[in-house]
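In: Sequence plus the predicted model coming up.
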Amino acid sequence: MKAKRQMRIIELVSQNVITSQEELCRLLAREGIKVTQATISRDIKELNMIRVPAGDGRYKYALMPGDPTAAYRERFHRLFMDCCIDMEKSGNLVLVKTISGTASAVGEAIDGLKLDGILGTVAGDNAVLVVSKDGYPASEILQSLRNIAGM
């Protein structure tokens, strides 16, 4: 749940002007993610977020400058170490096997990586199906995922 919440925080901060931790709590609550301000504070610190001028005299939360997928890569690496059992390919598909209940978070992390060649993901309870685009070898996607995961 923590990884999924943090990935959603990254998305919200990237797409909205969020000026306070309380505002972020409210946005998450609207999506059914109940969280305290103290938890949000820890998440912001772990995600290395900063406050930058919003242009109207206020300050907003933002990701540190640099590769926007870096946070996703770190999340995927941690998720893989904690949740993934195996990865294999077949045709234009890569199957990522996870422990029960974690496939959705792993799928969101893979989507957040925005790797070339991935058409999309479908997550169940204990597996994520990664679909490659036409003409893009699943073996390259599998290798990219393994590299990010540190396998």
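Out: Received the coordinates, thanks.

In: For the residue nearest the centre of the chain, pull up the helix or strand it's in.
Out: With distances taken as CA atoms, centre = their mean, the residue of the chain nearest its centroid is residue 109 (3.3 Å). Take DSSP states H and E as the rule and residue 109 turns out to sit in helix 103-113.

In: returning to what we had before: do I have it right that the residue nearest to the centre of the chain meets residue 6?
Out: No: contact between residue 109 and residue 6 fails when scored by CB atoms under 8 Å: they sit 9.8 Å apart. Using the backbone N, CA and C atoms, a C-beta is placed for each residue, glycine as well.

In: okay, and for the protein, where does confidence drop off?
Out: Scanning the chain for pLDDT under 70 picks out 66-73, 75-76.

In: Any idea how many residues pack against residue 2?
Out: 16 (other CB atoms under 10 Å).

In: now it, nearest residue through space, not along the chain?
Out: In space, residue 2 comes closest to residue 43 once its chain neighbours are excluded; the distance is 7.8 Å by CB to CB, 6 or more residues apart in numbering.

In: Let me see the contact set for residue 43.
Out: The contact partners of residue 43, taken as CB atoms under 8 Å, 6 or more residues apart in numbering, are 2, 5-6, 9.

In: what do you get if the cut-off is 10 Å, keeping everything else the same?
Out: Contacts for residue 43 (CB atoms under 10 Å, 6 or more residues apart in numbering) come out as 2, 5-6, 8-10, 21, 24, 28, 35, 49.

In: Good, wrapping up.
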